[in-house]
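J.: would you be able to build a 3D model of this:
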Amino acid sequence: MRYPLLIPVLFAFHAIGCQAPAPGPGTQVPAQPAPATVDTKELDSQLLGDSLLRVLGPVQDLVVADLFAGKGYYTWKLLGAGARVLAIAQDQQDVAALEARKKQEGIGDDRLLIRLTTPGNPGLQPGEADIALVTREFSTLGDRKAWLGQLKAGLRPPYKFMLVNYMPGASPFGPPLSERMDFNTVADEISANGFSDVSIFYKQMPYRYIIYALDPPAEEE
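T.: Numbering: from 1, shown residues only. Below is the predicted model:
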């Protein structure tokens, strides 16, 4: 199936009954010494968090799950935009670094929760997030059908998420070409596994495309 390739727009999301996400049992990692200073200008030049936030739209007071949070580049961008963030990572060292910065900056659990998960598991509890941000190549998610099902279960209706992936062609940075998938192929798979409304943005971030997916409830006649 071919999907519309969209120019920049802003999506206004409204938080209804938004509650802070609760941490899973045994998932908190004790804070470690503060992480080393990061060259944010270099990160911004590659990860372009501000461009992504423009597509994501207003996130004030929404619970946003930053899946594959890593060291937290997008986590801190989302916090700066007013979101209540659930940062999920697969590496215990990343979780410890996030916890250290959270403590250093005096951020409470009402704004940021940090969770460790395992490969193949999004790490969400049922219905705890308003929207999820996925910044891992779709090809690397393992059993993608099961992963998408778990992701949807962790979201509130209308089950919104954004996926940022690299174009199949060569680029000066990014994952190996063997991990990259064509956006129409990815969109087809997402729409076949529980997300009825899929759009593609391909001019927002160099060498990357953004897929925005949701499954709004059927309109009553």
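J.: switch to C-alpha atoms for all contacts and neighbour counts from now on
T.: Will do.
J.: now do the longest helix seen in the chain, average pLDDT.
T.: Identified as the longest helix of the chain according to DSSP state H is helix 92-104. What helix 92-104 shows for mean pLDDT is 97.
J.: and stretch 158-170, by the same measure?
T.: Stretch 158-170 comes out at a mean pLDDT of 95.
J.: for that stretch, output the C-alpha coordinates as CSV.
T.: In CSV, the C-alpha atoms belonging to stretch 158-170 read as follows (Å, rounded to 0.1, in the frame of the first residue of the first chain):
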residue,chain,number,x,y,z
PRO,A,158,-6.1,6.3,20.1
TYR,A,159,-2.8,4.4,20.5
LYS,A,160,-0.4,7.0,19.0
PHE,A,161,3.3,6.4,18.3
MET,A,162,6.0,7.8,16.1
LEU,A,163,8.8,5.8,14.6
VAL,A,164,12.0,7.5,13.4
ASN,A,165,14.1,5.4,11.0
TYR,A,166,16.9,5.9,8.5
MET,A,167,16.4,5.9,4.8
PRO,A,168,17.8,2.8,3.0
GLY,A,169,20.5,4.8,1.2
ALA,A,170,23.9,5.7,2.5
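J.: next SSE downstream of the longest helix of the chain?
T.: Heading C-terminal from helix 92-104, the first helix or strand you meet, by DSSP states H and E, is strand 112-116.
J.: got the CA positions of that following strand in PDB?
T.: Only the C-alpha atoms of strand 112-116 are listed here, as PDB (Å, rounded to 0.1, in the frame of the first residue of the first chain):
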ATOM      1  CA  LEU A 112      10.200  11.500  34.800                       C
ATOM      2  CA  LEU A 113      10.300   7.800  35.400                       C
ATOM      3  CA  ILE A 114      13.100   5.600  34.200                       C
ATOM      4  CA  ARG A 115      12.800   1.900  33.500                       C
ATOM      5  CA  LEU A 116      15.000  -1.000  32.400                       C
END
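J.: give the contact list for residue 162.
T.: 56, 131, 132, 133, 134, 210, 211, 212, 213 (Cα atoms under 8 Å, 6 or more residues apart in numbering).
J.: so which of the residues you listed sit within strands?
T.: Secondary structure from DSSP state E places 131, 132, 133, 134, 210, 211, 212, 213 of the contacts of residue 162 in strands.
J.: which residues does the closest residue to the fourth one other than its chain neighbours bridge with?
T.: Distances taken as Cα to Cα, 6 or more residues apart in numbering place residue 163 nearest to residue 134, at 4.7 Å, with adjacent residues excluded. The residues paired with residue 163 through beta bridges, assigned by DSSP bridges, are residue 134, residue 211.
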